[in-house]
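# okay, structure incoming, though there's no sequence with it:
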């Protein structure tokens, strides 16, 4: 079974796109070329800002679903590698004014 990737792109409008693939470089090229008629096709160019490899597609999809539910601030903490900030950004009632 091939390994799989969960990845995050920053689009030209500053938004984030989260996806899954088994061929990371190829998928980035597809997003850059506009091959997929979807979210990123209208927001090119895109930049890969985060990716993690998983041993199975099921694990990668699980992480993709989780990240899609995250706030922008939490995604940006992950991109920065600021893992200590993730728990505080997960708390119920978090307000952006609490971020440092």
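Yes, it's here. Quick caveat, the model's predicted, so the values are computed rather than measured.

# pull out the buried residues from the helix or strand of the chain with the lowest mean pLDDT.
Every helix and strand of the chain was ranked by mean pLDDT, DSSP states H and E. The lowest is helix 86-90, at a mean of 88. For helix 86-90, burial by neighbour count (16 or more other CB atoms under 10 Å) applies to residue 89. Quick note: C-beta positions are derived from backbone N, CA and C, even for glycine.

# can you give me the offset of it from its chain's centre?
The gap between where helix 86-90 is centred and where its chain is centred comes out at 17 Å by CA atoms, centre = their mean, to the nearest Å.

# before we move on, what about stretch 14-30?
On CA atoms, centre = their mean, the centre of stretch 14-30 falls 9 Å from that of its chain.

# show me the contact partners of that stretch.
2-11, 31, 35-36, 39-40, 43, 46, 48-49, 51, 57, 60-61, 64, 67-68, 72, 75 (CB atoms under 8 Å, 6 or more residues apart in numbering).

# what comes into contact with the host helix or strand of residue 48?
In this assignment (DSSP states H and E), residue 48 forms part of strand 47-54. Identification of contacts with strand 47-54 by CB under 8 Å, 6+ apart yields 3-10, 16, 24, 28, 60, 63, 78-79.

# among the residues you listed, which are in strands?
Under the assignment DSSP state E, the contacts of strand 47-54 contribute 4, 5, 6, 7, 8, 9, 10, 16 to strands.

# list buried residues within the contacts of strand 47-54.
4-10, 16, 24, 28, 60, 63, 78.

# between the residues you listed, which sits nearest residue 90?
Each of those was scored against residue 90 by CB to CB, and residue 78 proved nearest at 11.5 Å.

# ok, the closest one touching residue 86?
Yes. Using CB atoms under 8 Å, residue 78 is in contact with residue 86, at 6.9 Å.

# who touches the spatially closest residue to residue 43 that is not a sequence neighbour in this structure?
Leaving out its chain neighbours, the residue that sits closest to residue 43 by CB to CB, 6 or more residues apart in numbering is residue 11, at 3.5 Å. When contacts are counted by CB under 8 Å, 6+ apart, residue 11 touches 17, 39, 40, 43, 44, 46.
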